[in-house]
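predicted model and sequence below, questions to follow.
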Amino acid sequence: MDVQDFLIQGDGSEEDKREAWQLFQQAYELQMKGQLEEAVSLYKLSLATHQTAEAYTFLGWTYSFMGKLEEAIEECHKAIACDPHFGNPYNDIGAYLIEKGDLDEAIPWFQKAMQAKRYESPAFPHLNL
């Protein structure tokens, strides 16, 4: 994933999209350092600047790190609404449902992920099934 993924999505100025990318990158770095509350704030700032499926998905992923699976699933639904061709949130919903113990409900989400046209890690839904 790179800045081009942000530049091609939706309306808005290139300047806003680049700023959203920078905020997204900063949020990701904080997330990987375990500074989850700070990461959530920066993902939200990124989304306020320019909405992307990636930022919604990664915000959801951060919520999952915090044990907030319902919020994580909600953010994934927002990601899908933003870009239904982005496969990551479909897989993530499936993974969160498994974590909640809802195995049968997870399967269709993995199947949708496998059919997605744009996916960072297309092997994940196959492995999760």
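Happy to help now that I have it.

going forward, measure contacts between C-alpha atoms and count neighbours the same way
Will do.

which residue is nearest the middle of this structure?
The residue at the geometric middle of the chain, judged as the C-alpha nearest the mean C-alpha position with C-alpha atoms, centre = their mean, is Thr57 (1.0 Å).

give me the element that residue is part of.
Under the criterion DSSP states H and E, the helix or strand holding Thr57 is helix 53-65.

Gly12 too?
With elements delineated by DSSP H and E, Gly12 resides in a region that no helix or strand encompasses.

isn't it up against Thr49?
No - counting by C-alpha atoms under 8 Å, no contact exists between Gly12 and Thr49, whose distance comes to 9.1 Å.

name the residue in those two with the higher neighbour count.
Thr49 (19 against 12; other C-alpha atoms under 10 Å).

relative to Phe110, how far out is the more buried one?
When C-alpha to C-alpha, to the nearest Å is applied, the distance between Thr49 and Phe110 equals 30 Å.

could you do Glu99 as well?
Taken as C-alpha to C-alpha, the spacing of Glu99 relative to Phe110 amounts to 14 Å.

looking at these two, which is more packed in?
For Glu99 against Phe110, the residue with the higher neighbour count under other C-alpha under 10 Å is Phe110, and the figures read 26 against 14.

so the more buried one touches Asn88, yeah?
No - in this structure, Phe110 sits apart from Asn88 without contact. The criterion is C-alpha under 8 Å, and the distance is 9.6 Å.
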